[in-house]
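*Asks:* Sequence first, predicted model second:
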Amino acid sequence: MKMNTYMRILTIVIVIMSLFTFTSIAMAETTFNGHTTTTVNIRTTPSVNGVYFTTWAAYAYRDVQTFHNFGTTANREWLKVLSTDDSPMYVCAKYIKYTGTMNATITGSGVNLRVSPNTSSEIIKTMPLNTRVKILESITNWVRITCKYGTGWVYYTYVQAD
């Protein structure tokens, strides 16, 4: 009876530790060049309630950093940009599209390369840790890549740009 209790506690501890590890990976920042898909507001905090700072025109090319906020703003993802005085500002990720190609590495073991950017999509290949890829484009939570296994979509937390 005591052994089952110890095993349950150990399982809970492992799950909690895994969550902290996942969070630290998800919070990693990567700089990339993107363009706006429409006119967008730049804000002082990663929230639709953040103070308005400025507006970027549609199709403006900018350097942005990934910044993922899982707070109270409807789980929107935000990208961090730097203002002219190097203060951090934020833009909603759904209005920025990655442009160009970038070398990267798959950071998880058994990561699925998919036909479409969703978890119910057909799996092209399950890739091993450290697979080298080229990023072709990104949308809010997904990155389209090409590699020796084909071209498809991977969830963003499993791709680290060089």
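*Replies:* The structure has been received and is ready for your questions. Residues are numbered from 1 along each chain as shown.

*Asks:* Surely Tyr158 is in contact with Thr105?
*Replies:* No: contact criterion Cβ atoms under 8 Å: Tyr158 and Thr105 do not qualify, at 9.5 Å. Placement of C-beta: from N, CA and C, glycine included.

*Asks:* neighbour-wise, which of those two wins?
*Replies:* Tyr158 (23 against 14; other Cβ atoms under 10 Å).

*Asks:* Can you give me every residue that contacts the more buried one?
*Replies:* The contact partners of Tyr158, taken as Cβ atoms under 8 Å, 6 or more residues apart in numbering, are Ile106, Thr107, Gly108, Val111.

*Asks:* Among those residues, which one has the most neighbours?
*Replies:* Ile106 leads the contacts of Tyr158 on contacts (other Cβ under 10 Å) with 22 neighbours.

*Asks:* From Tyr156, how far out is it?
*Replies:* From Ile106 across to Tyr156, the span is 12 Å (Cβ to Cβ, to the nearest Å).

*Asks:* per-residue pLDDT, the nearest residue to Lys125 once chain neighbours are set aside?
*Replies:* Leaving aside its sequence neighbours, Lys125 sits nearest to Tyr149 (Cβ to Cβ, 6 or more residues apart in numbering; 3.9 Å). Looking at Tyr149, its pLDDT is 95.

*Asks:* what do you get for Val13?
*Replies:* Listed pLDDT for Val13 reads 53.

*Asks:* do Glu122 as well
*Replies:* Glu122 is assigned 97 on the pLDDT scale.

*Asks:* now swap in the one 10 residues further on and tell me
*Replies:* Predicted confidence (pLDDT) at Arg132: the value is 95.

*Asks:* can you count the residues close to it?
*Replies:* 12.

*Asks:* could you measure the residue nearest to it when sequence neighbours are not counted against Trp153, distance?
*Replies:* Leaving aside its sequence neighbours, Arg132 sits nearest to Thr105 (Cβ to Cβ, 6+ apart; 6.1 Å). Note on Thr105: its distance to Trp153, by Cβ to Cβ, is 16 Å.
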